[in-house]
Each structure stands twice: as C-alpha cells, then as structure tokens.
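J.: Could you look at this predicted model? Sequence included:
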Amino acid sequence: MAPATPDLISPRSTRVLAARRLAKRNFRGKERLFLAEGPQAVREAAAHRAGEPGGTAAGGATLVELFATIEAAERYADIVGEARAAGARVHLAADEVIADISTTVTPQGLVGVCRFLDTPFEEILAARPRLVAVLAHVRDPGNAGTVLRCADAAGADAVVLTDASVDLYNPKAVRASVGSLFHLPVAVGVPVARAVDGLKSAGVRILAADGAGPHDLDDELDKGAMGDPTAWVFGNEAWGLPEETRALADAVVRVPIHGKAESLNLATAAAVCLYASARAQRAPGGCRSVTQS
C-alpha cells in the first residue's frame, strides 16, 4: 500500500486560511466557529452533539472539520474515525499547514473546527441548577478555561461568563478547559446583575469569592450552610470583585489561608470553593463539621 500523502500542502489554501482566521475573535463571532486543538479536545468535540449539555441550537454535530498531519492521523486513528463518523470533513495536512493553523508553540497534529455551543442563560435557569460558577470580569483565557475544568470536575451544573469576561472560544481558554467545554452548559455575555437576579429567582444562593470577605469558608461549612443550591461568583485576577458586585451576593466568602501564602490564584480558589459546595451538597443530611460528634 502506498504511503498516505497530505491533500493540503499549502498554508495559502482556502480551507487553511478560513481555519486560521478563527484565531481572531471577530471572525469566530461572524462564523460562529472556533478551533479545538489536540487529541483530547478533538475527541470530545467529535463525540458532542446538539441537545447535550452546551449543545448548539443549530443542530447536528459540533465538530465540522478536522485537519490532521499524516503522523497524527495514524497515531490517533480512532479519533479520526470518530470525526468522520460525526460527519466532519477530514483533511490530511502537511506539518507546516497544521503549524500555520495552530495557536500553540508545539502543535499536536490535530486541529478541529467546531460550532459554537454556548447555552442560553434562560435554559440554564430552567434546568434548576444546584451548583454554578459565574465568572465576572475574568480576563485571562487560561484562568477561564481552568475554572471551567474545575467546575466540570466538581460536578457543577453550569458556568456563566459575564459580558465583561474573556471570550469562551479563545484558543487558550479552549485548551485550558481540556475538553470540559464540551461537558456542561456555558452561558456567555450575561451582565452580572442579570446573572445574579436570574439565579436568585431560580432559588440559588449567591456567594461571592473574595480574599477579604467577612465570611470564612470553613465557618460556612461548619454551620451547614453550604448544602443549598449555590452559585459562586469569581472576580478579576488582579482586582477581584468590585463593591457593586459584592453587594449583589448573599454572602462574601474568603478561603482561609492557614499557612504563610499571601493568597490563592483564581483557579485554585475556584476549585476549593466549588468542591466545598459539591461536598456539602452530597453529604447525607447536609454538610457537618468533622469536629462535631
């Protein structure tokens, strides 16, 4: 059998140019398409369908096109097969073509083009969520993707990105989510006040995470106050939450620092808070302090 040869060998190909421009937000918004790079993200995209958490309202498969080097197509033959089964157009591309499309320094040989999959905020509310992460003014795409991953791991029902937060489909955010973007509903562009009002109307308690908050997370757990439906609001990496956002919350809660560290970064604090709520919500009879007999 003759060795496979790439059918896309020029970075100036029409298909390559169309994919490459998705690295820019304005083109992503216009086409309602984004890039998913690497085997994990492409596998999740190929498996994702409309009607699932975060599914696109337009219907059909999320993955619409896949670019793969010859080596990657052989190494990840199962993923390429899943992409074809999902109806995606598969292109075998020269290494320099993949490097041109990719936004990473060291491409892994697979780049998928996916449909937008954010969920209307009203649908999230209608599902009566019990645990939600709200990203308010979060600007770093790596942090946004990592918080999304933490929310997924903690079993959250949804993530909400406010209108002042980073683009969900920024390539760095997609990579940092490590596939979690395809696992749970995410609403985008929601004003903070609307997010809080909507969640409160749905019976969700609003907790603002702030290192200077008057309420201690350990104390909230000891009081058994963490078992109710909860939305955690996480603020900007540099300046946290503005006073007007803190004022919207039912409580402003700090993660206690028991050692000498000055503070926790956003993603770490989010993981601690989300897992505290997840544990409380799963505990029989609510969360009880380990110090109680």
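T.: It's in.
J.: can you give me the helices for the chain?
T.: 14-20, 25-31, 39-47, 70-75, 77-85, 95-101, 121-126, 141-153, 171-177, 192-201, 217-222, 243-246, 266-282 (DSSP state H).
J.: Point out where the stretch 1-150 of the chain drops to low pLDDT.
T.: For the stretch 1-150 of the chain, the stretches with pLDDT under 70 are 1-5, 8-9, 50-59.
J.: on that earlier part again, tabulate the helices of the chain (TSV), appending mean neighbour count.
T.: All C-beta spots, glycine's among them, are computed from the backbone N, C-alpha and C. Converted to TSV, these look like this (neighbours: other C-beta atoms under 10 Å):
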stretch	mean neighbour count
helix 14-20	17
helix 25-31	13
helix 39-47	23
helix 70-75	17
helix 77-85	16
helix 95-101	20
helix 121-126	16
helix 141-153	23
helix 171-177	23
helix 192-201	18
helix 217-222	17
helix 243-246	14
helix 266-282	20
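J.: Quick one, which of those helices gets closest to residue 234.
T.: Distance to residue 234, taken as C-beta to C-beta, is lowest for helix 266-282 among the helices of the chain, at 5.3 Å.
J.: Keeping just the C-alphas, turn stretch 74-83 into CSV.
T.: The C-alpha coordinates for stretch 74-83 follow below in CSV (Å, rounded to 0.1, in the frame of the first residue of the first chain):
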residue,chain,number,x,y,z
GLU,A,74,-2.1,7.3,12.2
ARG,A,75,-1.4,7.8,15.9
TYR,A,76,-5.0,8.9,16.6
ALA,A,77,-6.8,6.8,14.0
ASP,A,78,-9.7,6.2,16.4
ILE,A,79,-10.2,9.9,16.8
VAL,A,80,-10.1,10.5,13.1
GLY,A,81,-12.6,7.7,12.7
GLU,A,82,-14.9,9.3,15.3
ALA,A,83,-14.6,12.6,13.4
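J.: so who does residue 121 touch?
T.: 160, 187, 190, 194-195, 198 (C-beta atoms under 8 Å, 6 or more residues apart in numbering).
J.: I'd like the residues you listed as a markdown table, with pLDDT and distance to residue 104 appended.
T.: Shown next, in a markdown table, are the contacts of residue 121 (pLDDT from 0 to 100; distance: C-beta to C-beta, whole Å):
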| residue | pLDDT | distance to residue 104 |
| --- | --- | --- |
| 160 | 98 | 27 |
| 187 | 97 | 27 |
| 190 | 97 | 29 |
| 194 | 97 | 35 |
| 195 | 97 | 32 |
| 198 | 98 | 36 |
